[in-house]
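Visitor: Pasting the sequence and the predicted coordinates here, then a few questions.
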Amino acid sequence: MFKSLLTTLVGFFFYTSLTFAQSQDAMLRADITFLASDAMQGRETGTPFQDVAAAYIGSRFMQMGLKPMGDSDTYLQTFYYHVPDDPHTSRPKGKEGKDSVRIINVIGMLDFHAQKTIVIGAHFDHLGMGDNGFSLSTEKGIHNGADDNASGVAAIMALARKLKDRSGSAYNYLFISFSGEEYGLWGSNYFTKHPTIDLKNVAAMINLDMVGRMKPDHSVMVGGIGTSPVWTDLLEKNNVSGLQQTFDSSGTGPSDHTSFYFQNIPVLFYFTGQHSDYHKPTDDVEKINFEGVEKIVDNIDALLTGLNQVQEIPFMKTKEEKEQKVELKVTLGIMPDYMFSGTGLRIDGVKEDRPAAAAHLQQGDVILQLGSHDVTDIQSYMKALNALKPGDKVSVKYLRNDQEQTGTVQF
């Protein structure tokens, strides 16, 4: 019965895309709407709905004429991940063992017979019903993950459509949609350990994760620029959409580019910022900024065109590997605004029943000082927290509507 449902769903949306989706915007809407629909039940890793999503993405790759680069001349790379029993979660079990989860990566290639390949990736899994311990919601419900990360998957397919008819490309393009990201980068980690192409021929990896909530100021964070000396100049020269680009040098983070960085591959990471619907059932398609996704796609397309003139993308390690690991004993209970490029740490959200809420801090406040520590950016904020312990009571200095204010935080 489920196979029949899978065939019906994929067939319907595949037909729909062929008949009405004539523009980039319509294709983006079709892809995100399907992947983030209630019928997909949140695309949780290891569930049958992961399989439906993988089949849908594979059908898109086939439609665009991408070369299958999964197992046995298919688009699917399937593996099993051992998961110990945990009574506090509902992690699904795989067919080949009671403690293993079946995971699928979807892989297709635009082969221009070049020597080097650029990987373009986005994870397609999400949290299902949210009962796996990762939900930030107090209410149960389907976690549709429209921004996280149906938006990224739709964006890489939009890039494939743009690139498939190009000629004279200096690179091949390998498109990968990963599963298992929410549990710990399982899909991308497996691919880098069991690649379907020689990783020595991978010039760079571009990762799109949560690119569907661009703010009115057209801001986007591009991480990984410290992994190659070519990135900053190329990103600035090829900003065809006029985006407000915030750069971060780190090659690591809680998304799939990290797996490639640790293979000494230059990476870029596109991200439009946190929001109050993150890991909640309210991350729905109605809140997606489709025009913003298109702008990012156009910028990456221009970047890839610019890369045709670059003979080599040298790899560099980034500074976080040299920094001492920070293990926090306290939390303020805020969501930092990673897009903020000014001095201080701007708050993007405040969690209830946490020290920040008790201190009456609000979204939009910019923290300048915590205790005796100046806060100039996310790194100095983390160092300030690292110096504190439960029970400490310290002052906090912050800007609200450009007016400096002070308060007291009890940890």
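Guide: Everything's here; your move.
Visitor: can you map out the helices along the stretch 301-411 of the chain?
Guide: Applying DSSP state H, counting those that start in this stretch to the stretch 301-411 of the chain gives helices spanning 355-358, 378-386.
Visitor: out of those helices, deepest packed?
Guide: helix 355-358 (a mean of 19; mean count of other Cβ atoms under 10 Å). In short, each C-beta sits where N, CA and C put it, glycine included.
Visitor: Which of the helices of the stretch 301-411 of the chain sits closest to Q244?
Guide: helix 378-386 (17.9 Å; Cβ to Cβ).
Visitor: got a list of contacts for the closest one?
Guide: With contact meaning Cβ atoms under 8 Å, 6 or more residues apart in numbering, helix 378-386 is reached by 326-332, 336, 338, 345, 367, 370-371, 373-375.
Visitor: Run the chain-centre distance for that helix.
Guide: On the basis of Cα atoms, centre = their mean, to the nearest Å, helix 378-386 sits 24 Å off its chain's mean C-alpha point.
Visitor: for stretch 36-56, same thing?
Guide: In this view, stretch 36-56 has its centroid 17 Å away from the chain centroid, taken as Cα atoms, centre = their mean.
Visitor: and that stretch, which residues are buried?
Guide: Residues of stretch 36-56 classed as buried by neighbour count (16 or more other Cβ atoms under 10 Å): 36-37, 40-47, 49-56.
Visitor: So what's the residue count around R166?
Guide: R166 has 14 neighbouring residues, counting by other Cβ atoms under 10 Å.
Visitor: whoops, I mixed them up, P68
Guide: 18.
Visitor: follow-up on the earlier one: tabulate the helices of the stretch 301-411 of the chain (JSON lines), appending distance to Q311 and mean pLDDT.
Guide: Putting the helices of the stretch 301-411 of the chain into JSON lines (distance: least, Cβ to Cβ, whole Å; pLDDT from 0 to 100) gives the following:
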{"stretch": "helix 355-358", "distance to Q311": "49", "mean pLDDT": "92"}
{"stretch": "helix 378-386", "distance to Q311": "34", "mean pLDDT": "86"}
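Visitor: what's the closest of these to A155?
Guide: helix 378-386 (25.2 Å).
Visitor: what residues are up against N149?
Guide: A122, H123, F124, H126, E181, L208, D209, M210.
Visitor: again, only using 6 Å
Guide: Counting by Cβ atoms under 6 Å, 6 or more residues apart in numbering, N149 touches A122, H123, D209.
Visitor: Which strands and helices lie in contact with the strand or helix carrying K295?
Guide: Assigned by DSSP states H and E, K295 belongs to helix 290-307. Applying 3 or more Cβ pairs under 6 Å, 6 or more residues apart in numbering; DSSP states H and E, we find helix 290-307 packed against helix 24-35, helix 151-163.
Visitor: Contacts for stretch 349-359 next, please.
Guide: For stretch 349-359, using Cβ under 6 Å, 6+ apart, the contacting residues are S276, L332, G333, I334, M335, L361, Q363, G407, V409, F411.
Visitor: buried sites along stretch 157-170?
Guide: M157, A158, L159, A160, K162, L163, S169, A170.
Visitor: Can you tell me the strand partners of the helix or strand encompassing V222 and which way each runs?
Guide: Element membership for V222, per DSSP H and E: strand 219-223. In the sheet, strand 219-223 lines up against strand 244-248 (parallel), strand 267-271 (antiparallel) (DSSP bridges).
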